[in-house]
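J.: what's the 3D shape of this:
(one chain, ligands or ions: 1)
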Amino acid sequence: MSAELSFHSASSDLDASPAHQRRLAPKDAARFGDHLLRLDAASRRLRFGGAVNEDFIRAYAERVLGSATVIGLFVAGELRGAAELHTLDDAGERAEAAFSLEAPLRGAGLGGAFFANLRRVAERAGVRRLVFQCLAENRAMLAVGRRNGAELRFEGGEAHASLALTPAPVRAPREARATSAAARRGVDRLRGGLQVGEAALG
Ligand SMILES: CC(C)(COP(=O)(O)OP(=O)(O)OC[C@H]1O[C@@H](n2cnc3c(N)ncnc32)[C@H](O)[C@@H]1OP(=O)(O)O)[C@@H](O)C(=O)NCCC(=O)NCCS
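T.: Here you go, the predicted structure:
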């Protein structure tokens, strides 16, 4: 699936749509932590590069929402995925990405769509170099990187990915939604896919 995802600028979670995305705020720390804690042990290892406990995850969620841009993917009002953008330098030209999707939502193209969305967010923020790190065994994440043209370097069981971006002028989300018929078609496809995932989540 090459789904694109739309952004809802509203900060409310009362949106009745099956799936939507919005930027997370510091007040979302508990639900961000809950989402990360629902990752099983193997997925937590893939996400964090090693075993991490609940205290670590709770503290991580608090800290990250105070410093990074995090896009949350909500399904039926529950946070089921997150795409994080961590600025690495004062100029905001280098940033690191990280992704998490709960297991029932994986393998349907959402990781790729999430990456594409975070890439756009980064470009609008003026980021010129996007990097991510993952375990060398993380085939899904490596596939996402390869598809997006990332240069991959392998070292000590880890992969380091680096991707040059072209900063883009900022457009208001409302305008972007109104003018992007392609994105709308992508959202419709996404919703179809997510209904399958949502059923599995039950
Ligand atoms: C990494 C992650 C976000 C990818 O999301 P996803 O929805 O599973 O990925 P997609 O369905 O979009 O697939 C992306 C690509 O990986 C491939 N892929 C997916 N699962 C795969 C697997 N188990 N083995 C090999 N390739 C796989 C897909 O074929 C696709 O390749 P393509 O773009 O060439 O078609 C998700 O798997 C995840 O949250 N994993 C646990 C946490 C993690 O690893 N985070 C990344 C470290 S920061």
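
J.: can you list the residues of this structure near the ligand?
T.: Within reach of the ligand by Cβ under 6 Å from any ligand atom, the chain has these residues: 43, 46-47, 98-101, 106-112, 132, 134, 138-141, 143-144, 147. All C-beta spots, glycine's among them, are computed from the backbone N, C-alpha and C.

J.: repeat that for 5 Å
T.: For the chain, the residues in contact with the ligand (Cβ under 5 Å from any ligand atom) are 43, 46-47, 98-101, 106-107, 109-112, 134, 139-141, 143-144, 147.

J.: can you pull the pLDDT of His20?
T.: Looking at His20, its pLDDT reads 89.

J.: so it sits right up against Phe74, yeah?
T.: Yes - His20 is within contact range of Phe74, at 5.5 Å (criterion: Cβ atoms under 8 Å).

J.: using PDB, write down the CA coordinates of the helix or strand where Leu73 lies.
T.: In this assignment (DSSP states H and E), Leu73 forms part of strand 69-75. Provided in PDB are the C-alpha atoms of strand 69-75 (Å, rounded to 0.1, in the frame of the first residue of the first chain):
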ATOM      1  CA  THR A  69       7.700  16.300  17.200                       C
ATOM      2  CA  VAL A  70       5.700  13.100  17.500                       C
ATOM      3  CA  ILE A  71       2.900  12.200  15.100                       C
ATOM      4  CA  GLY A  72       0.400   9.800  16.600                       C
ATOM      5  CA  LEU A  73      -1.700   7.300  14.700                       C
ATOM      6  CA  PHE A  74      -5.100   6.800  16.300                       C
ATOM      7  CA  VAL A  75      -7.400   4.000  15.600                       C
END
